[in-house]
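Q: Predicted coordinates and the sequence they were generated for:
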Amino acid sequence: MKIVTAIDSFKGSMTSIEAGNAFSDGFHRVFPDAEIIVRPLADGGEGTVEALTNGMNGHLEHVTVSGPFGQPVDCAYGLIQDSMTAVIEMSGAAGITLVPAEDLKPLKATTYGVGEVIADAIKKGCRRFIIGIGGSATNDGGAGMLQALGFGLLDDDGREIPRGAEGLEKLAVITTDQVIPELSECTFRIACDVTNPLCGSNGCSSVFGPQKGAGPEDIENMDRWLARFATVARTLHPDADPEFPGTGAAGGMGFAFRTFLPAKLESGIQIVLEETRLESYLKDADLIITGEGRLDCQTAMGKVPVGVARLAKAHGKPVIALAGSVTDDASACIECGIDAYFPIVRGVSTLEEACDSENARKNMAAAAEQAARLIKLTR
C-alpha cells in the first residue's frame with residue numbers, strides 16, 4: 001500500500017512535515033509495511049519557505065535585514081541550488097508578527113528589508129524567485145523594497161523619500177539608473193491569494209489598514225498616497241494597473257512586483273503544488289492524506305486540502321482529510337474532492353491543550369491508526 005501525505009501546517013502546533021510524520025507513525029501501527037511518502041505543503045503564507053525548501057531539496061540561508069521600522073531582524077529564506085531559486089516570505093522581513101500590536105504604525109512601516117533579502121539572494125546567484133506576500137505590517141506599496149533594489153523614489157528636490165507609507169506623499173519621480181543590474185535577469189512567482197486592488201473602498205488601505213493599526217484619517221491618507229504612487233509609476237510603465245486583482249496584497253506590494261519587476265501574481269497553493277511536484281508522487285498512490293488545522297467552508301474556497309484533493313481526483317485517487325477541528329459547514333469540502341474528513345482531537349480540551357505540539361502529534365497519530373484499522377476491515 002502506498003500513501004502520500006500532503007498536509008498543511010497546523011499553525012502553532014505542527015509543521016507540514018511533522019503532521020505527515022505523525023500520521024505515518026500512527027498508520028504504521030496497523031500497516032507496518034505501508035509505503036508512506038510525506039510531502040511538505042503550504043499555501044504561500046506562513047510555512048512556505050520551509051515547505052518549498054524541503055520539497056525542492058534546498059537549504060536555508062539567513063540574512064540580517066531592516067525590519068518594519070528599521071530594527072535589525074534575522075530573515076531565513078530558502079535557496080534551491082539546482083535551479084538557483086530563492087524562496088522568500090515577505091513576512092520574515094516586514095511581517096505583522098514582528099511588531100507588538102500596540103506598536104503597529106502603518107504610516108511608517110517599510111518593506112525595505114524585503115528588498116534586502118532579494119538583493120542578498122541575487123548576490124548568491126539566484127535569478128528565480130518564489131515569494132509569499134501574506135502577513136505584512138506595511139502599507140507602502142512595496143516602495144521600500146524598490147528602494148533597497150536601487151530604484152530611486154524621489155521628491156521634488158531629487159531627494160529620496162522617507163521610508164514607509166507616509167513617504168509616498170512626497171513622491172515626484174521614480175528613477176532606475178541605480179537598479180541592481182542583475183534584476184533584469186530575474187523572474188518572480190508571487191504567491192498572492194487576495195484579489196484586492198491597490199486603492200479604493202476595496203483597496204489595501206481600507207480593507208487591511210485597520211488590522212495594521214490605521215485609523216480613519218490614516219486610511220484616507222494612505223489611499224491617496226498610493227494613488228499618487230500609481231500615477232508616478234505610469235510615467236515609467238504606462239500599463240501599470242492599480243485595479244488589477246492582487247495589486248493591493250501586502251499593503252500594495254503586489255502592485256510593486258507586478259509593475260516594476262517581471263513578476264506574476266499567482267495562487268499560493270498552485271505554486272507550491274507545482275514546485276514540489278506533488279502530482280508525480282500521487283499518480284501511483286493508493287490513498288492521499290491531506291488536512292489543516294481547521295476544516296470549514298473556507299477550505300472549500302481553494303485552500304490547501306482542496307487544492308490537493310482536486311489534483312488527486314484528476315488521477316482518480318481517494319482522499320481523506322484530517323483536521324484539528326471540523327465545523328458543520330465543512331461538508332462543502334465533499335463536493336471539492338475530499339471523500340471523508342475527521343477531526344483529530346479526541347476529547348474535551350482547551351484550545352491551548354489542543355494546540356500543544358506534543359498533544360497534536362499524538363492526536364494525529366491516533367487518528368491515523370483508527371483510519372488504518374477501518375481500511376483494514378475493508379481489505
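A: Perfect, I can see it now.

Q: how does the protein divide into domains?
A: Structural domains annotated on the chain: 2-41+277-378, 48-269, as defined by automatic domain parsing.

Q: Take those and lay them out in TSV including mean pLDDT.
A: Putting the domains of the chain into TSV (pLDDT from 0 to 100) gives the following:
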stretch	mean pLDDT
domain 2-41+277-378	93
domain 48-269	96
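
Q: Would you reformat the ones you listed as a markdown table and include mean neighbour count?
A: In short, each C-beta sits where N, CA and C put it, glycine included. Shown next, in a markdown table, are the domains of the chain (neighbours: other Cβ atoms under 10 Å):
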| stretch | mean neighbour count |
| --- | --- |
| domain 2-41+277-378 | 19 |
| domain 48-269 | 21 |
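
Q: And for stretch 113-122, what's in contact with it?
A: With contacts defined as Cβ atoms under 8 Å, 6 or more residues apart in numbering, stretch 113-122 is touched by 61, 63, 65-68, 73, 75, 77, 79, 86, 88, 90, 92-94, 129, 131, 142, 144-149, 180, 182-183, 186, 253.

Q: can you tell me which residues contact the spatially closest residue to residue 141 that is not a sequence neighbour?
A: With Cβ to Cβ, 6 or more residues apart in numbering as the criterion, residue 141 has its nearest non-adjacent residue at 3.4 Å, and that residue is residue 252. By Cβ under 8 Å, 6+ apart, the contact list for residue 252 reads 139-142, 198, 204, 226, 229.

Q: Wait, a helix at residue 252?
A: Yes. Membership of residue 252 in a helix is supported by DSSP: H, G, I helix; E, B strand; the rest coil.

Q: Strands - which of the contacts of stretch 113-122 land there?
A: 61, 63, 65-66, 73, 75, 77, 79, 86, 88, 129, 131 (DSSP state E).

Q: Show me which of the residues you listed is closest to residue 153.
A: Among the ones in strands among the contacts of stretch 113-122, residue 66 lies closest to residue 153 (Cβ to Cβ), at 15.6 Å.

Q: now the closest one, nearest residue through space, not along the chain?
A: Closest to residue 66 by Cβ to Cβ, 6+ apart is residue 113, at 4.3 Å.

Q: Check which helix or strand that neighbour maps to.
A: Assigned by DSSP states H and E, residue 113 belongs to helix 112-123.

Q: now that helix and strand 72-80, what's the angle there?
A: Comparing the axes of helix 112-123 and strand 72-80 via axes from the mean of the first three to the mean of the last three Cα atoms, to 10 degrees yields an angle of 40 degrees.

Q: Quick one: distance of helix 112-123 to the chain centre.
A: 18 Å (Cα atoms, centre = their mean, to the nearest Å).

Q: Ok, stretch 114-130 next?
A: 17 Å.

Q: okay, the contacts of residue 252 in CSV with distance to residue 3 and secondary structure next?
A: Putting those into CSV (distance: Cβ to Cβ, whole Å; DSSP: H, G, I helix; E, B strand; the rest coil) gives the following:
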residue, distance to residue 3, secondary structure
139, 44, coil
140, 45, coil
141, 45, coil
142, 42, coil
198, 44, coil
204, 41, helix
226, 48, helix
229, 49, helix
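
Q: Out of those residues, flag the one nearest to residue 304.
A: Using Cβ to Cβ, those come closest to residue 304 at residue 204, 23.9 Å.

Q: Tell me the spacing between the residue lying closest to the closest one once chain neighbours are set aside and residue 223.
A: Using Cβ to Cβ, 6+ apart and skipping the chain neighbours, the partner closest in space to residue 204 is residue 248 (3.7 Å). Residue 248 is 10 Å from residue 223, where distance means Cβ to Cβ, to the nearest Å.

Q: likewise residue 211?
A: The value you get for residue 211 to residue 223, if Cβ to Cβ is used, is 16 Å.

Q: hey, where'd the strands end up in the stretch 251-379 of the chain?
A: 263-266, 287-295, 319-326, 340-343 (DSSP state E, counting those that start in this stretch).

Q: Output those strands in TSV; the columns should cover distance to residue 175.
A: TSV is the format used below for those (distance: least, Cβ to Cβ, whole Å):
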stretch	distance to residue 175
strand 263-266	20
strand 287-295	45
strand 319-326	50
strand 340-343	54
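
Q: circling back to that earlier point, next, the angle strand 128-132 makes with the helix holding residue 113.
A: 160 degrees.

Q: for the strands of the stretch 251-379 of the chain, which one sits closest to residue 101?
A: It's strand 287-295; of these, that one is closest to residue 101 (Cβ to Cβ) at 21.7 Å.

Q: name the helices or strands packed onto that closest one?
A: Strand 287-295 sits against strand 2-7, helix 16-27, helix 304-313, strand 319-326, strand 340-343, with contacts defined as 3 or more Cβ pairs under 8 Å, 6 or more residues apart in numbering; DSSP states H and E.

Q: Now render these as TSV, adding distance to residue 258.
A: Compiled in TSV, those are given as follows (distance: least, Cβ to Cβ, whole Å):
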stretch	distance to residue 258
strand 2-7	29
helix 16-27	28
helix 304-313	23
strand 319-326	33
strand 340-343	36
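
Q: of all the ones you listed, which lies closest to residue 352?
A: Across the helices and strands packed on strand 287-295, closest to residue 352 is strand 319-326 (Cβ to Cβ), at 12.5 Å.

Q: could you check the angle strand 287-295 makes with the closest one?
A: 20 degrees.

Q: Mind listing the strands strand 319-326 pairs with, and their directions?
A: Strand pairing for strand 319-326, determined by DSSP bridges: strand 287-295 (parallel), strand 340-343 (parallel).
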